[in-house]
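In: Task: produce atomic coordinates for the following.
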Amino acid sequence: MSKSPLLAHDLVRTYGGSRVLDGVSLTAAPGDRIGLIGENGTGKSTLLRLLAGVDVPDGGTVVRPPDLGFLHQEMPFDPAATIADVVDDALRESRALLAALDRLSAALVDDPIGPLEEYGDLLDHAQETDAWDADRRAGLVLTGLGLGDLPHGRTLAQISGGQRGRLALAAMLIRRPAALLLDEPTNHLDDAAAAFLAEQLTGMPGVVVLASHDRAFLDAVCTDLVDLDPAVDGPTRYGGNYTAYLAEKRAERDRWERRFADEQEELAELRQAVAVTAHQVAHGRPARDSEKMGFGRTTGRVEQQISRRVRNARGRLEDLERAQVRKPPEPLRFRAPALASAAAEGLLVSARDLVVPGRLRLDRLDVSATDRLLVTGANGTGKSTLLAVLAGGLAYDGAVHRRRGLRVGLLTQDTVFDRPDRTAHETYAAALGPDRAEAVPLRSLGLIGPRDAARPVGELSVGQRRRLALALLVADPPELLLLDEPTNHLSPRLADELEDALGPGPGAVVVASHDRWLRDRWAGRYLGL
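Out: Numbers count the residues shown, from 1 in each chain. Here you go, the predicted model:
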């Protein structure tokens, strides 16, 4: 079964009058590990849902292997189900396959010919899915994703949301389906778990298609990348990993801009030729006396030449106007003047003997007026808890001193707006007030495009809502900016631009992140929890 490809042809999907996907095609053969990238709202999650069959396209077709796994945002189990129930369900097919092989093997003793073909097919499938190793694999996967110590009798209601997400991922890896579709699989994974997942996916014999913001993960796993951002010939497939994509993407944009400029220049020349140049007859010079005998014949030949030149120019103009490449859209570019506001020198926040029972323990922390601090650590070590304490939104034991009047802003992992019916533009104006919203227009920050700014917040993607939350913070920058996993759900390009903005500047910035790409390029201080 794992030899079956995943094929999509000319997919179209529209939501609320907005066309999210317009003629997208994809061919994924066994062994292909395809990463879907693009700006927030370009349809990565929508494409995965169409490929999985949980959503229906408005146009186009999908041919998928019969054995397909899709990592849902919510697990398809009752909250009362146990971890053992989930693992048993993931092992069900392998156990049934081995039982069928035992049954056919016994039948072959009495009839060496009849069941032979079925036995061969099942044997091939068992080898492809490594069915004999499934139970051992289950233990390795649970340990690799940080779930090995959880009692198997614990229910889904008794574990955290991050643990449920990792358990759903574990179930997919245990199953080893012929095609595996993953939406942001590294969310809630620490370094060790992300590295384990990358190793598992690179060993998959079937198709893997994933949408991810994790640039280091894309670099480690993908054989191809499909960029859903606008391009001259539609969504573009790039061979190689994320590093190779970056170089080719820049070159492709340059080629598109040059082609557009060349065509516009040719169009201008053709329009001039049709309107003026082609109608010039011998520079408008009247016939001299010595030419009058043959002037009529010459004039006829010239008029024929002019008529041919006009027809040729007009034909070329019509062809080019019909098929001209569209102007490259101006890409969103993060353009915040500063992430944080300048503050007087000295400490902004200091913490001593900080304890949040069961969540965080920290002896000492000082944050100065121009600090750049990266907080790292495995899942459960208290990164988000620390930011919540610094923001003043969580009770704690110990001592935390903030500068009087300190303005603090926090970008949380979960972005929720009270009025999902309001447009992004209305939400922005209501939160900042009319004067500030006019002084720093939403469009000026390069985070939300004009079309998306006019859409209700409830219709925006998770990444677009995080962009809006970030816009609200940097439009009126605080003196201390706290960013909790800021690159989660953001497009790789915006994550790159945000990292550039995290360099030296006014105010203080504290970032909690498991993003290996960000950490490898961090130039400020570190705090490991």
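
In: use CA for all of it now, contacts and neighbours both
Out: OK.

In: Let me know the pLDDT of residue 258.
Out: For residue 258, the model assigns a pLDDT of 80.

In: Tell me the secondary structure at it.
Out: Secondary structure of residue 258, reduced to three states by DSSP: H, G, I helix; E, B strand; the rest coil: helix.

In: now swap in residue 488 and tell me
Out: coil.

In: mind checking the SS state of the closest residue to it other than its chain neighbours?
Out: Nearest residue to residue 488 in three dimensions, chain neighbours excluded: residue 213, at 6.5 Å (C-alpha to C-alpha, 6 or more residues apart in numbering). Assigned by three-state DSSP, the conformation of residue 213 is coil.

In: and after the lowest-mean-pLDDT helix or strand in the chain, which helix or strand comes next?
Out: One helix or strand of the chain scores below all others by mean pLDDT, DSSP states H and E: helix 295-323, with a mean of 67. Later in the chain than helix 295-323, the nearest helix or strand by DSSP states H and E is strand 347-356.

In: For that following strand, list the C-alpha coordinates in PDB.
Out: What follows is strand 347-356, C-alpha atoms only, in PDB (Å, rounded to 0.1, in the frame of the first residue of the first chain):
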ATOM      1  CA  LEU A 347      16.900  47.400  35.900                       C
ATOM      2  CA  LEU A 348      13.300  47.100  34.700                       C
ATOM      3  CA  VAL A 349      12.500  43.900  36.500                       C
ATOM      4  CA  SER A 350      14.300  41.800  39.200                       C
ATOM      5  CA  ALA A 351      13.200  38.500  40.700                       C
ATOM      6  CA  ARG A 352      14.500  36.500  43.600                       C
ATOM      7  CA  ASP A 353      13.600  33.000  44.900                       C
ATOM      8  CA  LEU A 354      10.700  32.800  42.400                       C
ATOM      9  CA  VAL A 355       8.400  29.800  42.800                       C
ATOM     10  CA  VAL A 356       5.200  28.900  41.100                       C
END
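
In: partners of that strand, with directions?
Out: Strand pairing for strand 347-356, using DSSP bridges, gives strand 360-368 (antiparallel), strand 397-402 (antiparallel).

In: If you count neighbours, what's buried in that strand?
Out: 347, 348, 349, 350, 351, 352, 354, 355, 356 (16 or more other C-alpha atoms under 10 Å).

In: Kindly indicate which of these lies nearest residue 207.
Out: residue 356 (43.9 Å; C-alpha to C-alpha).

In: and the one helix or strand residue 262 maps to, how far from the chain's centre?
Out: Here residue 262, judged by DSSP H and E, is contained in helix 242-275. The chain centre lies 27 Å from the centre of helix 242-275; the measure is C-alpha atoms, centre = their mean, to the nearest Å.

In: Residue 487 contacts residue 213, doesn't it?
Out: Yes: using C-alpha atoms under 8 Å, residue 487 is in contact with residue 213, at 7.2 Å.

In: okay, these two: which has more neighbours?
Out: Per other C-alpha atoms under 10 Å, whichever of residue 487 and residue 213 has more neighbours is residue 213, with 29 against 24.

In: how close does the more buried one sit to residue 39?
Out: Here residue 213 is placed at a distance of 10 Å from residue 39 (C-alpha to C-alpha, to the nearest Å).

In: Name the residues contacting each of the two.
Out: Both residue 213 and residue 39 are in contact with 490, 491, 492, where contact means C-alpha atoms under 8 Å, 6 or more residues apart in numbering.

In: what's the pLDDT at residue 272?
Out: Residue 272 is assigned a predicted lDDT (pLDDT) of 79.

In: In the beta-sheet assignment, what are the partners of residue 211?
Out: Under the criterion DSSP bridges, residue 211 forms beta bridges with residue 36, residue 183.

In: quick one: contacts for residue 222?
Out: Contacts for residue 222 (C-alpha under 8 Å, 6+ apart) come out as 32, 33, 34, 35, 240, 241, 242.

In: Got the phi and psi for it?
Out: Note on residue 222: its backbone torsions stand at phi -80, psi 140 [degrees, to the nearest 10].

In: how far away is it from residue 207?
Out: Separation of residue 222 from residue 207 (C-alpha to C-alpha) stands at 11 Å.

In: Need the pLDDT of residue 459.
Out: On pLDDT, residue 459 comes in at 87.

In: who's in contact with it?
Out: Contact partners of residue 459, counting by C-alpha under 8 Å, 6+ apart, are residue 420.

In: Output the below-cut-off pLDDT ranges for this structure.
Out: Scanning the chain for pLDDT under 70 picks out the ranges 1-2, 72-76, 114, 230-234, 251, 253-254, 277-307, 325, 328-333.

In: How many residues are close by residue 176?
Out: 26.

In: please renumber so the chain begins at 828
Out: Sounds good: first residue 828 from here, last item residue 1003.

In: OK, contacts around it?
Out: Counting by C-alpha under 8 Å, 6+ apart, residue 1003 makes contact with 956, 1031.

In: phi, psi of it?
Out: phi 50, psi 60.

In: Any figure for the gap between it and residue 831?
Out: 14 Å.

In: same question, residue 1047
Out: Separation of residue 1047 from residue 831 (C-alpha to C-alpha) stands at 24 Å.

In: for residue 1326, same thing?
Out: Distance from residue 1326 to residue 831, by C-alpha to C-alpha: 40 Å.

In: Over to residue 987?
Out: The gap separating residue 987 from residue 831 is 36 Å, by C-alpha to C-alpha.

In: ditto for residue 1309
Out: In this view, residue 1309 and residue 831 are 47 Å apart by C-alpha to C-alpha.

In: and what of residue 1097?
Out: 51 Å.

In: Same check on residue 1147?
Out: Taken as C-alpha to C-alpha, the span from residue 1147 to residue 831 is 42 Å.

In: What is the neighbour count of residue 1173?
Out: Neighbours of residue 1173 using other C-alpha under 10 Å come to 12.

In: can you pull out the strands in the stretch 928-1077 of the chain?
Out: 1006-1010, 1034-1038, 1051-1054, 1063-1066 (DSSP state E, counting those that start in this stretch).

In: and which of the contacts of residue 1049 is nearest to residue 954?
Out: Top of the list for closeness to residue 954, among the contacts of residue 1049 and by C-alpha to C-alpha, is residue 859 at 19.1 Å.

In: Across the sheet, point out what pairs with the residue nearest to the closest one when sequence neighbours are not counted.
Out: Nearest residue to residue 859 in three dimensions, chain neighbours excluded: residue 1034, at 5.4 Å (C-alpha to C-alpha, 6+ apart). Under DSSP bridges, the beta-bridge partners of residue 1034 are residue 1006.
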